[in-house]
Structures are given as structure tokens and as C-alpha cells.
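>>> Mind looking at a prediction? Sequence and model below.
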Amino acid sequence: MWVYEKKLQYPVNIRRKNVKMAKYIVTQYGGPAGELSASWQYFNQRYTMPDNRGKALLTDIGTEELAHVEIISSMLYQLTKDATIEELEENGLGANYAQFGHDLFPSDANGVPFSMTYIKTSGNAISNLESDMAAEQRARDTYEHLMDLTNDPDILAPLAFLRQREIIHYQRFKELRNYYLENLK
Amino acid sequence: MNQKIMNYQNYFNQPNVNANPDPNHNMNFNKCMYTPKERPEDLYEAYEGFIRGNMFPDLYNQYKVSKPFDVEPMNEQAQLLTYVDALSFAAHDINLYLDNFPDDRAMIQLYNHYRTEAERAIKEYENHFGPLYVSSNTTNKYPWSWNSLPWPWEN
């Protein structure tokens, strides 16, 4: 069961529309290292975690990733809501307009639709947590690439926040992995 | 033009000096063999942690920007929401730590400090501006108040 909080975890107030950045940032919505895939990977793995630490951590980080889906979605919405059809076409989102109008759609930066095959799970708590550590690292890499592509502080601020969360999540997954290695003999 | 807007405009005139020339230039983003033993007094204050996305100074790693961005609320509503955001964030980040270290009594105390502070900030916000949660006491009025606040993705 989940409860909605009518606020973002971190505020998004983008003053300049920027279709090109939206086309790149969408990968953190529906791409292979995106928030949607992270969220579902952790929720999907939590049922078989060997103890309450793992069940709690995967539930709590999975829930936070859902909040990150909402931050990324808010960015995409604000970056494109005032864009003209011409601006969408010029910046590579003409095909998106044809299919979805101004709606969001979870895809990677090349427009490849989200796939649940992005999530990793293989029936072993250690392997699963190492997949989770890798997911956090890839997401951090992607946020750094996205930060390389803009100087707009309204875009950089939430990207920097999200990148930092990947570092914390990586650390927590690694602590749990190490704890299991020592204690589940 | 006021100073905040001028600062904002200046960002666009800077060359993109930090664009990533070497894919391995930032290898210090995690403390590989680090095992934390966190002390509550070493953590950031709630707002300082919130703007960094990290309550734990020894885990903090910066990229591209030289210092964290301040949240600049445009009005009283946004200011109150920033208190809620910062205190909720502080409690949440400690929550994740405690999932791994459930026997850390001092950190449980700090979690409960931020949890109660966040609850107080939420009540104050809701009394002024309406419910953040559909379970809030402030839904007990006419007309239905749940949809009176702006939605979070609208700026």
C-alpha cells in the first residue's frame, strides 16, 4: 500500500523551455538506467530478501525511486509544455508529438520505449544487491552526462540532487551486501 | 533587474568548462571500502543536507557545480514547503541508514527528532495552504480541499 504526498521530494521550477534537454533527460524516466526501472527492480527483489534489513531497505529505496520518477516527469513536463510543434520537430521530438502530443512517454533518449527487461533479478540476494549497486552507478553516470549537457541552474539543481541520491543508495546497498557476506554463511 | 535574475542569466554566458573530457575523470564518487559509523553530531543540518541530497558529509561528492544550489522560494507557501521538504528529507536519509544499522540508538533519536519536526512543519503548511496528505485534518471542510493546492509538477 502506498500513500501519496502532494509535493516533490525536491522542487522543480524550470523557467526556460528546453526541448533538446527533455529529449535527453527522458532516459531517466524510461531508459535502461532510469528511475522507473530502478524502482521496479528493488520492489521486485524485496520479497525474497533474507532478512528484515533487506526487506526494509529495498522497500524504502524503491519508494524513493518512485518519487524520483515524479521529479524527472515534472522536469520533462516543464521543459516541453510551452514548446511549439516546430520547436519539438527541430529538436528531435516530432515523432513524439505525432504519437503522444504533449503527453509524456517513458522511453530512452533515442525514443526506444521502456522495457521491463531492464530490471535485473536472479534469485540470489548477493547477486541482486550487486545488480542494485550497478544500477545506482549507471544512473549516477547518466546524471553526470546530463549535467555535462546544460548550464541551466534550474535543470542542474534537480539533476545534482538526483545524482547525489544514487551515491547514497549505492552506499546503502553495498553495506547490506557486505553485511550479508559476513553474516549469511 | 534583480540580483537573482542576473545571476541566473550569467549561467548561460559561461563556457561549458566542466563538460566531461575524460570519462574516468571522476573516480572518487564512492568510498569503496568505507564502512560507516555515523555520529549524529557529524551530520549536516536538515537544510544543508537537503540541498546536497545527502545528510552524510563523508559520503558527499560534488560534480560540475562548485557548491550546492540554494532552494529559492518565491513566496510564503514555497518557503513553508521548503521546511517540510528539508525536514522530511533529513528523516528519510536517516531512515535508510537505520534500515542497515537498526541498533544505532543515537541515530534512532535523531530520526525521531526530524520526524516530529517534519510533522510540525507539515501541520503548519496544511493549516495555511491545505492538505499535503488526503488523511490530513484539513480535508474536513467544504468544499473538498484535496484538489485546492497546485499539483507538484506545476511551477
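Arrived safely, thanks for sending.
>>> Now do whichever residue of chain B sits closest to chain A: how many residues are near it, please.
Closest approach between chain B and chain A, counting by CB to the nearest CB: residue B:53, at 3.3 Å. In this view, the C-beta of every residue, glycine as well, is placed from N, C-alpha and C. Residues lying near residue B:53 (other CB atoms under 10 Å in any protein chain shown) number 23.
>>> which residues sit in contact with it?
Residues near residue B:53 by CB atoms under 8 Å, 6 or more residues apart in numbering or on different chains: A:10, A:160-165, A:168.
>>> Give me the pLDDT for it.
On the pLDDT scale, residue B:53 is placed at 98.
>>> Check the one 3 residues further on too.
Residue B:56 is assigned a pLDDT of 94 by the prediction.
>>> residues near residue 124, how many?
Because you didn't say which chain, this covers chain A. Residues lying near residue A:124 (other CB under 10 Å) number 12.
>>> Oops, wrong one, chain B.
Residue B:124 has 13 neighbouring residues, counting by other CB under 10 Å.
>>> which ones are touching it?
B:80, B:83.
>>> Check for me that it belongs to a helix.
Yes: the assignment for residue B:124 by DSSP: H, G, I helix; E, B strand; the rest coil puts it in a helix.
>>> Please name the residues that touch the residue positioned nearest the centre of chain A.
Central residue of chain A (CA atoms, centre = their mean): residue A:35, 1.9 Å from the mean position. Residues in contact with residue A:35 (CB under 8 Å, 6+ apart) are A:28-29, A:65-66, A:68-69, A:72, A:139, A:162.
>>> Please flag which of these sit within helices.
Residues of the contacts of residue A:35 located in helices (DSSP state H): A:28-29, A:65-66, A:68-69, A:72, A:139, A:162.
>>> which among those residues gets closest to chain B?
Each of those was checked against chain B using CB to the nearest CB; the closest is residue A:162, at 7.2 Å.
>>> gap between the closest residue to chain B within chain A and residue B:51?
Residue nearest to chain B within chain A: residue A:164 (3.3 Å; CB to the nearest CB). Distance check for residue A:164 against residue B:51: by CB to CB, to the nearest Å, it reads 10 Å.
>>> Where does residue B:113 sit: helix, strand or coil?
Classification of residue B:113 using three-state DSSP returns helix.
>>> Next one: residue B:66, what pLDDT does it get?
84.
>>> For it, grab the count of nearby residues.
Applying other CB under 10 Å, we find 6 residues neighbouring residue B:66.
>>> what does residue A:185 give?
5.
>>> hmm, back to that, ranking the contacts of residue B:53 by neighbours, who comes first?
residue A:165 (27 neighbours).
>>> so what's it closest to, chain neighbours aside?
residue B:53 (5.2 Å; CB to CB, 6 or more residues apart in numbering or on different chains).
>>> Identify the residues contacting residue A:69.
If you count contacts by CB under 8 Å, 6+ apart, residue A:69 has them with A:29, A:35-36, A:39.
>>> do stretch A:119-133 and chain B meet at all?
No: between stretch A:119-133 and chain B, judged by CB under 8 Å from any CB of the partner chain, nothing touches; the nearest distance is 9.1 Å.
>>> that older thread, among the contacts of residue A:35, which one has the most neighbours?
The residue in the contacts of residue A:35 with the most neighbours, by other CB under 10 Å, is residue A:28 (28 neighbours).
>>> Now for residue 133: which residues touch it?
In the absence of a named chain, this looks at chain A. A:170, A:173-174, A:177.
>>> could you do chain B instead?
When contacts are counted by CB under 8 Å, 6+ apart, residue B:133 touches A:3-6, B:122, B:126.
>>> which SSE is residue B:91 in?
Residue B:91 is part of helix B:76-100, with elements assigned from DSSP states H and E.
>>> Tell me the confidence at the most centrally placed residue in chain B?
Against the mean C-alpha coordinate of chain B, by CA atoms, centre = their mean, the closest residue is residue B:50 at 2.8 Å. pLDDT for residue B:50: 98.
>>> Quick check: phi and psi on it?
When read as degrees, to the nearest 10, the backbone of residue B:50 gives phi -60, psi -50.
>>> Then residue A:113?
Backbone geometry at residue A:113, expressed as degrees, to the nearest 10, gives phi -60, psi 150.
>>> Run a quick neighbour tally on it.
Using other CB under 10 Å, residue A:113 has 9 other residues around it.
>>> Where does the prediction get shaky in chain B?
By pLDDT under 70, the low-scoring segments of chain B are B:1-36.
>>> in it, which spans are helices?
With helices called from DSSP H, chain B shows them at B:3-10, B:46-52, B:76-100, B:105-129.
>>> The last one: how far from the chain's middle?
In this view, helix B:105-129 has its centroid 13 Å away from the chain centroid, taken as CA atoms, centre = their mean, to the nearest Å.
>>> in that helix, what's buried?
Applying a neighbour-count criterion of 16 or more other CB atoms under 10 Å in any protein chain shown, one finds B:107, B:110-111, B:113-115, B:117-118, B:121-122, B:125-126, B:129 buried in helix B:105-129.
>>> Could you export stretch B:120-138 as CSV, CA atoms only?
C-alpha atoms of stretch B:120-138 as CSV (Å, rounded to 0.1, in the frame of the first residue of the first chain):
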residue,chain,number,x,y,z
ARG,B,120,5.1,20.0,12.9
ALA,B,121,6.1,21.7,9.6
ILE,B,122,3.5,19.7,7.7
LYS,B,123,0.7,20.7,10.1
GLU,B,124,1.7,24.4,9.8
TYR,B,125,1.8,24.2,6.0
GLU,B,126,-1.6,22.4,5.8
ASN,B,127,-3.2,24.9,8.1
HIS,B,128,-2.2,27.7,5.8
PHE,B,129,-2.5,26.1,2.4
GLY,B,130,-4.5,22.9,2.6
PRO,B,131,-3.7,19.1,2.7
LEU,B,132,-0.4,17.5,1.6
TYR,B,133,-1.9,14.2,2.6
VAL,B,134,-5.5,13.1,2.0
SER,B,135,-5.5,11.8,5.6
SER,B,136,-4.9,15.4,6.9
ASN,B,137,-7.4,17.0,9.3
THR,B,138,-7.6,19.9,6.9
